[in-house]
Structures are given as structure tokens and as C-alpha cells.
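Enquirer: please find the sequence and the predicted model below.
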Amino acid sequence: LESKNPIDWSAVFAEHRPQLLRAAFKVLGNMQWAQDVVQDSYLKLTEASHIFELRQPLAYLFQIVRNLAIDAHRRAALEARVFVGEEDGMVIPASSGTPESLAVSRQDLHIVAEALAALPERTRTAFELHRLGGLTQREVGEQLGVSITMVNFMIRDAMTHCAKALCKAGQ
Amino acid sequence: MTNSSDNDPVWQAALDWVLSAQQQPLDAPAAAALAAWLAQDPAHRKAYEKATRVWLLTGLIPLP
């Protein structure tokens, strides 16, 4: 799936760096972490650009930054909760650096993309609307004309299907 | 990982945590409950890590 029109990612990246930093900072509230996430996004992007034909490169770049920032924020909050004494109730991260990001390989992305593509169409649509379209489960239900219970079931099904595919590949 | 079967209660609970945290950020009591659940059993943490990993990976797939 090599792209036929290679995009000069370093140029796109350099041009939009301030906006990308701002997007990451909005989620993380910490400039050092935001810088780490933006840097990490560039690495993930180069992996992804080998397997996907990216029609909207800039939108995709922001998608990566947002998702990595949310994940880094989640892990920082969890670390703070686990490592800081609960009684003092402080939510101060245990370390000053960004929690080490999960290794995301080209192979992992490929496996997950294939797993999603193999889902029944309605399940895949429900999952994509929720995960990538940012719709709540209720909104997905309204859009597809199904119950919220069904939406929840389909999203779980999609997650489980991807987990099994990764597991099968030994990831 | 062997415990991601559809009916595995640990996997389903991990999905609950991951999916509910996307609807709205965990408040302090929920975050404490999550930390307690994770500390309960290494299998809980393993399932949670797996679920968050899948969630992140699916977010890195470009929209069609």
C-alpha cells in the first residue's frame, strides 16, 4: 500500500509545529510533555505513512497528536494515582518526563487496520463513528437507528476482535 | 494474551474502564476505583494495558 504520491512529511510537520504543540498542550497542560508527544507523533506518522494512503495528511497528523496526547495524559494520571500516596490526594505526576509511550509498530497498525476491515460493516461503522468520528455511543445509535445497548455491544466486539488479532500475531 | 475472549469477565471489565473513560474523564473516586481494581490482580493490569493499547492503535488508523 505504498503511497503513489509521497508526502514530504517533514515539511508538513515543520510548518504546523506550533499548532500541533498547542493541540497537545491543550490536552496535557504541560509544555515539555507536549513537545515529547509532538516529536513522538512524527515517528508514528512515518510508520503509518508506509502502510496507509493518507488522503488528508494534515488532519491525520492532528489525529495522531490528539490520540497520543490523550493516551499520555491517561497514563500520567494513572501513574500519579498509583505511585503517589492516596491519602494526600495530590495529582502530581511521579516523574517529570512523559510516561514512556507504547511502542506502536508498523505491524501493529497493519494488524488493527485489517481486523477493523474484517468486521461486519455496521459494526465497523459504529466503531469508527465513535472512535474516529468522536460521536458518543448515544449519537452513534441515533445515526444508525439502533439502540445504545447495541452500539455498546458493537464497540466491544470491535475492540475484542482487534485484541484477538494482535494476540494471534503474538503482539 | 489468552484472556481476550468475548466472555472473559476481566477483559470485559477492562473494556468498561477504557470505554467509560472516553465518555468523560474519570473523576477522583472513579480513578481511585480503577487504581484499586488494577492493584487487585496482575491479570487486571494486563487486560487494562491490552485494552488501552487497542484503543490507542485504533485511534491511529486514518479515517477512510
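Expert: Happy to help now that I have it.
Enquirer: can you give me the distance of A:Ala48 to chain B?
Expert: 6 Å (C-beta to the nearest C-beta, to the nearest Å). Where you see a C-beta, it was placed from the backbone N, CA and C, and this is true even at glycine.
Enquirer: anything in the helix ranked longest in chain B sitting right up against chain A?
Expert: Secondary structure of chain B read by DSSP state H shows that its longest helix is helix B:42-59. Yes: shown here: helix B:42-59 in contact with chain A (C-beta under 8 Å from any C-beta of the partner chain) through B:50-59.
Enquirer: in what element of secondary structure is A:Ala80 found?
Expert: A:Ala80 is located in helix A:57-83, with elements delineated by DSSP states H and E.
Enquirer: packing partners of that helix?
Expert: Counting contacts by 3 or more C-beta pairs under 8 Å, 6 or more residues apart in numbering or on different chains; DSSP states H and E, helix A:57-83 is packed against helix A:9-28, helix A:31-51, helix B:28-40, helix B:42-59.
Enquirer: now these as JSON lines including mean neighbour count?
Expert: Shown next, in JSON lines, are these (neighbours: other C-beta atoms under 10 Å in any protein chain shown):
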{"stretch": "helix A:9-28", "mean neighbour count": "16"}
{"stretch": "helix A:31-51", "mean neighbour count": "19"}
{"stretch": "helix B:28-40", "mean neighbour count": "15"}
{"stretch": "helix B:42-59", "mean neighbour count": "20"}
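Enquirer: same list (those) but as a markdown table, adding distance to A:Gln107 and mean pLDDT.
Expert: Formatted as a markdown table, the helices and strands packed on helix A:57-83 follow (distance: least, C-beta to C-beta, whole Å; pLDDT from 0 to 100):
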| stretch | distance to A:Gln107 | mean pLDDT |
| --- | --- | --- |
| helix A:9-28 | 20 | 93 |
| helix A:31-51 | 9 | 90 |
| helix B:28-40 | 27 | 91 |
| helix B:42-59 | 11 | 95 |
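Enquirer: okay, stretch A:114-133 in CSV with CA atoms only?
Expert: Taking C-alpha atoms only, stretch A:114-133 is exported to CSV below (Å, rounded to 0.1, in the frame of the first residue of the first chain):
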residue,chain,number,x,y,z
GLU,A,114,-7.0,-5.4,8.8
ALA,A,115,-9.0,-6.5,11.9
LEU,A,116,-11.3,-3.5,11.6
ALA,A,117,-11.7,-4.0,7.8
ALA,A,118,-12.8,-7.6,8.5
LEU,A,119,-15.7,-6.6,10.8
PRO,A,120,-19.3,-6.6,9.6
GLU,A,121,-19.9,-3.3,8.0
ARG,A,122,-22.4,-2.0,10.6
THR,A,123,-20.1,-2.9,13.5
ARG,A,124,-17.1,-1.2,11.8
THR,A,125,-19.2,1.9,11.0
ALA,A,126,-20.4,2.1,14.6
PHE,A,127,-16.9,1.8,15.9
GLU,A,128,-15.4,4.3,13.5
LEU,A,129,-18.1,6.9,14.3
HIS,A,130,-17.3,6.5,18.0
ARG,A,131,-13.6,6.1,17.9
LEU,A,132,-12.6,8.3,15.0
GLY,A,133,-15.7,10.4,14.5
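Enquirer: excluding its own residues, what touches that stretch? List them.
Expert: Stretch A:114-133 is contacted from outside by A:63, A:135-137, A:139-140, A:143-144, A:146, A:151, A:154-155, A:157-159, A:161-162, A:164-166, B:55, B:58-59, B:61, B:63-64, using C-beta atoms under 8 Å, 6 or more residues apart in numbering or on different chains.
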